[in-house]
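1. What follows is a predicted protein model with its sequence.
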Amino acid sequence: MTATESFYHTPSPPGLKGIWAWLLTQDHKRIGLMYLWAVGLWFCIALCCGLLMRVELMSAGRTIMGPEVYNSLFTLHGVIMIFLFVIPAVPSIFGNFFLPIQIGADDVFFPKLNLLSWYLFMLGAFLAVASLFLGEGFPDTGWTFYVPFSLTTDKNVSLTVTAAFILGMSSMLTGLNFITTVHRMRTKGMGWMQMPLFTWSLYATSWVQILATPVLSITLLMVIFERVFAIGLFDPGKGGDPILYQHLFWMYSHPAVYIMILPAMGVISEIIPVFSRKAVFGYKGIVLSSMGIAVAGSLVWAHHMYTSGMSDVAVFVFSLLTFLVAIPTAVKVFSWIATMYKGAIEMTPPLYLALIFIYLFCVGGLTGLVLGSAGTDIHLHDTHFVVAHFHFTMFGGTGFAFFAALHYWWPKMFGIMYNFKKAYIGATLAAVGFIFHYVPMFILGMQGMPRRYYDYLPKFERGNFLAGFGGFLLVIGIILMFYNLLMSFRKRQVAPQDPWGGTTLEWSVPSPPPLHNFVEEPKVKAYPYDFSEVIAQAQNDQAHQESEK
Ligand code: HEM
Ligand SMILES: [Cu+2]
């Protein structure tokens with residue numbers, strides 16, 4: 001143990017005990033952990049919904065549930081996965097915990113606002129689930145709440161939409177907090193180009209959060225107004241336009257995929273240099289590409305609407321812009337690969353998960369180009385190809401980056417180490433299951449199996465059976481990974497301050513960190529990924545061992 005008490009032992013505000021020391025805390029690390037447990041719980045629930053749907057689809061016709069239940073599960077799965085897992089997971093958990101430490105600060109700029117964000121998140125989550133049991137039953141619109149169906153269905157759409165509205169507020173406040181923290185709280189001597197890449201990615205994400213989320217909030221309010229007052233915003237009979245809804249919805253929801261993926265890319269940009277013992281290749285390139293993705297990614301929303309009857313010119317322009325986003329994305333992938341090239345690679349579970357991320361995310365990204373080009377999209381729109389594509393990017397991407405981040409920062413957050421062998425087995429099983437689960441869906445989609453359908457033609461049965469089988473492998477792998485991490489609480493194998501040889505500031509503080517993060521003034525390196533000391537230390541240790549032999 002270190003002489004300084006960890007933040008587990010010193011609550012903020014002081015004097016609070018037990019559960020209140022957590023529920024009223026203003027410490028960014030405790031709030032990060034509170035998000036961890038909440039988000040983890042939601043993820044498991046949504047995972048179960050997904051698996052149940054997949055079981056239903058394993059054979060044609062009715063298998064374990066009726067179509068109504070399927071539609072509800074389907075909406076529940078989408079809403080939870082998007083609004084309660086992939087959007088908040090990395091920024092709210094790891095961003096809250098590590099952003100202040102990485103820039104040498106005590107806390108975020110607005111600690112109380114941070115706590116409020118957590119409460120809004122919990123309130124939104126609670127309302128989303130409550131709408132399942134209130135009214136006529138859970139909405140069956142899918143997470144996109146498309147009009148006109150969302151206006152006419154007698155299910156409890158208004159409440160779910162309100163929940164999404166509140167979740168949006170939570171997300172905006174977190175973004176605002178991070179931007180202010182980065183601008184105002186960087187420790188003395190840390191210039192913009194000395195900031196770790198994870199912090200940079202969160203900074204870019206935060207701008208998207210505060211600029212795009214209001215669009216969604218207004219759109220959702222419009223849906224509520226339509227449902228309650230029928231003023232005709234979207235109803236052509238009253239001079240409204242249903243396509244307007246799609247534009248407004250995707251003006252948020254496409255940028256939202258960058259809210260999901262940018263922090264994930266930030267995690268990978270931390271992990272790759274550490275385990276290659278090499279300065280990240282093209283630091284500035286990664287920084288600029290984060291900002292580039294944030295800007296370009298906000299201009300491509302209508303690629304979700306090629307088949308909705310836009311003009312050909314609009315289709316052409318949005319297709320072109322969509323392809324432009326691929327450039328900054330590819331810059332990142334090439335930088336990661338170039339960082340590993342001729343590096344002293346040390347294989348560990350976080351690096352292994354990061355490599356799985358790169359592979360799955362590339363498949364997701366490249367199939368995104370297939371959908372981004374209008375010609376092929378006409379054929380593939382609303383087929384299972386789309387389902388495979390977005391699970392590859394969101395689950396293979398953000399999901400696996402989340403697992404990687406958990407394994408990378410676990411020793412720092414809890415001060416304990418987990419079992420490597422079990423982590424590898426879990427990760428491998430999850431990755432193999434993932435491929436068996438989603439690759440068949442690409443093929444099914446190309447053959448014409450629609451998405452969001454309860455039943456399908458008998459000729460699609462084999463592919464769906466395989467996908468269901470892969471789904472089980474995937475879920476077993478994930479359970480194993482989580483189980484292994486949780487078991488580390490039982491074994492309590494103490495983790496050192498810097499188990500991986502990391503160079504960013506979080507590795508210069510005790511594991512777990514003390515309340516005020518830094519015991520002494522943090523020393524800022526001229527360049528955040530300078531491994532010369534770590535390598536020299538390792539060589540020293542080795543020489544020492546050999547002289548002792
Ligand atoms: C990070 C993980 C995941 C995310 C972010 C995610 C997200 C989503 C989203 C947004 C939808 C679309 C819902 C809609 O259109 O309303 C969806 C559909 C679906 N998901 Fe997931 N999901 C994840 C994991 C899983 C897993 C593990 C399974 C199965 C074991 C699964 C099975 C399904 C199924 C069967 C559908 C319906 C597909 C359709 O017909 O369009 N998902 N998911
Ligand atoms: Cu999009």
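-> On my side now, so go ahead. Ligands and ions are numbered 1, 2, ... in the order given.

2. so Ala296 makes contact with Leu321?
-> Yes - at 7.0 Å, Ala296 counts as touching Leu321 under the criterion of CB atoms under 8 Å. In short, each C-beta sits where N, CA and C put it, glycine included.

3. how many other residues sit next to the residue of the stretch 201-350 of the chain at minimum distance from ligand 1?
-> The stretch 201-350 of the chain approaches ligand 1 most closely through Met260 (7.9 Å), counting by CB to the nearest ligand atom. If you count neighbours by other CB atoms under 10 Å, Met260 ends up with 25.

4. What of Val524?
-> Neighbour number of Val524 under other CB under 10 Å is 18.

5. Surely it and Gly189 touch.
-> Yes - when contacts are counted by CB under 8 Å, Val524 is listed as touching Gly189 (4.4 Å).

6. Quick one: name the residues of the stretch 301-450 of the chain near ligand 1.
-> By the rule CB under 6 Å from any ligand atom, the part of the stretch 301-450 of the chain lying against ligand 1 is 387, 391, 394-395, 399.

7. Present those residues as CSV; the columns should include secondary structure.
-> Below are these laid out as CSV (DSSP: H, G, I helix; E, B strand; the rest coil):
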residue, secondary structure
Val387, helix
His391, helix
Met394, helix
Phe395, helix
Gly399, helix
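
8. mind listing what's buried in stretch 502-518?
-> Buried residues in stretch 502-518, defined by neighbour count with 16 or more other CB atoms under 10 Å: 502-515, 517-518.

9. Could you work out the end-to-end span of it for me?
-> 17 Å (CA to CA, to the nearest Å).

10. can you pull the contacts of Phe109?
-> Neighbouring residues of Phe109 by CB atoms under 8 Å, 6 or more residues apart in numbering: 177, 180-181, 184-185.

11. Could you dump those into CSV and include distance to Leu47?
-> Formatted as CSV, the contacts of Phe109 follow (distance: CB to CB, whole Å):
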residue, distance to Leu47
Asn177, 29
Thr180, 35
Thr181, 32
Arg184, 39
Met185, 36
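
12. Among those, name the buried ones.
-> The buried subset of those - by 16+ other CB under 10 Å - is 177, 181, 185.

13. list the helices and strands the helix or strand containing the first one packs on?
-> Under DSSP states H and E, the secondary-structure element containing Asn177 is helix 157-184. Where contact means 3 or more CB pairs under 8 Å, 6 or more residues apart in numbering; DSSP states H and E, helix 157-184 is packed against helix 67-79, helix 96-102, helix 111-133, helix 197-229.

14. Can you tell me which of those has the worst average pLDDT?
-> Of all the helices and strands packed on helix 157-184, mean pLDDT reaches its minimum on helix 67-79 (a mean of 88).

15. returning to that earlier point: for the residues of the stretch 301-450 of the chain next to ligand 1, pick the one with the most neighbours.
-> For those, the largest number of neighbours (other CB under 10 Å) sits with Gly399, at 25 neighbours.

16. separation between the residue nearest to that residue when sequence neighbours are not counted and Leu221?
-> Once flanking residues are discounted, Gly399 sits nearest to Val86: 7.2 Å by CB to CB, 6 or more residues apart in numbering. As for Val86, its distance to Leu221 is 24 Å (criterion: CB to CB, to the nearest Å).

17. neighbour-wise, which of these two wins?
-> Taking other CB under 10 Å, Val86 and Leu221 do not tie; Val86 has more neighbours (26 against 13).

18. hang on, isn't that one packed against Thr398?
-> Yes - contact status for Val86 versus Thr398: in contact at 4.8 Å, counting by CB under 8 Å.

19. What is the neighbour count of the nearest residue to Ala302 once chain neighbours are set aside?
-> Nearest residue to Ala302, sequence neighbours excluded (CB to CB, 6+ apart): Phe318, at 4.3 Å. By the criterion of other CB under 10 Å, Phe318 has 21 neighbours.

20. Mind pulling the model confidence for Phe318?
-> Predicted confidence (pLDDT) for Phe318: 93.

21. which residues touch it?
-> Applying CB under 8 Å, 6+ apart to Phe318 gives the contacts 300-303, 306, 310.

22. That one: helix or strand, and which one exactly?
-> Here Phe318 is assigned to helix 312-340, by DSSP H and E.

23. In that helix, which residues are buried?
-> Those would be 315, 318-319, 321-322, 325-326, 328-329, 331-333, 335-336, 338-340, for helix 312-340 by 16+ other CB under 10 Å.

24. Could you do stretch 480-487 as well?
-> 480-482, 484-485.

25. Mind listing what's buried along the lengthiest helix in the chain?
-> Determined from DSSP state H, the single longest helix within the chain is helix 242-276. By neighbour count with 16+ other CB under 10 Å, helix 242-276 contains the buried residues 242-243, 245-276.

26. mean confidence score for it?
-> Across helix 242-276, pLDDT averages out at 93.

27. Might you list the low-confidence residue ranges for the stretch 251-400 of the chain?
-> Of all residues in the stretch 251-400 of the chain, none has pLDDT under 70.

28. what residues are up against Val228?
-> Ser158.

29. Closest to the centroid, which residue in the protein?
-> Val86 (3.6 Å; CA atoms, centre = their mean).

30. residues in contact with that one?
-> Val86 sits in contact with 260, 394, 398-399, where contact means CB under 8 Å, 6+ apart.

31. out of those residues, who's nearest Leu132?
-> Nearest to Leu132 among those, counting by CB to CB, is Met394 at 22.7 Å.

32. Assign Ser511 to helix, strand or coil.
-> coil.

33. surely it meets Gly415?
-> Yes - applying CB under 8 Å, one finds Ser511 in contact with Gly415, separated by 4.4 Å.

34. Overlap in contacts, those two.
-> Ala495.

35. how near is Ala204 to Tyr527?
-> Distance from Ala204 to Tyr527, by CB to CB: 20 Å.

36. Specify which residue of these two has the higher count of neighbours.
-> Ala204 (26 against 12).

37. what's around the residue lying closest to Leu127 once chain neighbours are set aside, how many residues?
-> Leaving aside its sequence neighbours, Leu127 sits nearest to Ala163 (CB to CB, 6+ apart; 3.8 Å). Neighbours of Ala163 under the rule other CB under 10 Å: 23.

38. Could you pull up the contacting residues of Ala163?
-> Contacts of Ala163 (CB under 8 Å, 6+ apart): 83, 124-128, 131.

39. now swap in Thr162 and tell me
-> Residues near Thr162 by CB under 8 Å, 6+ apart: 127, 220, 224.

40. With neighbour count and distance to ligand 1 added, can I get those in JSON lines?
-> JSON lines is the format used below for the contacts of Thr162 (neighbours: other CB atoms under 10 Å; distance: CB to the nearest ligand atom, whole Å):
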{"residue": "Leu127", "neighbour count": "19", "distance to ligand 1": "18"}
{"residue": "Leu220", "neighbour count": "23", "distance to ligand 1": "15"}
{"residue": "Ile224", "neighbour count": "15", "distance to ligand 1": "19"}
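
41. No further questions, thank you.
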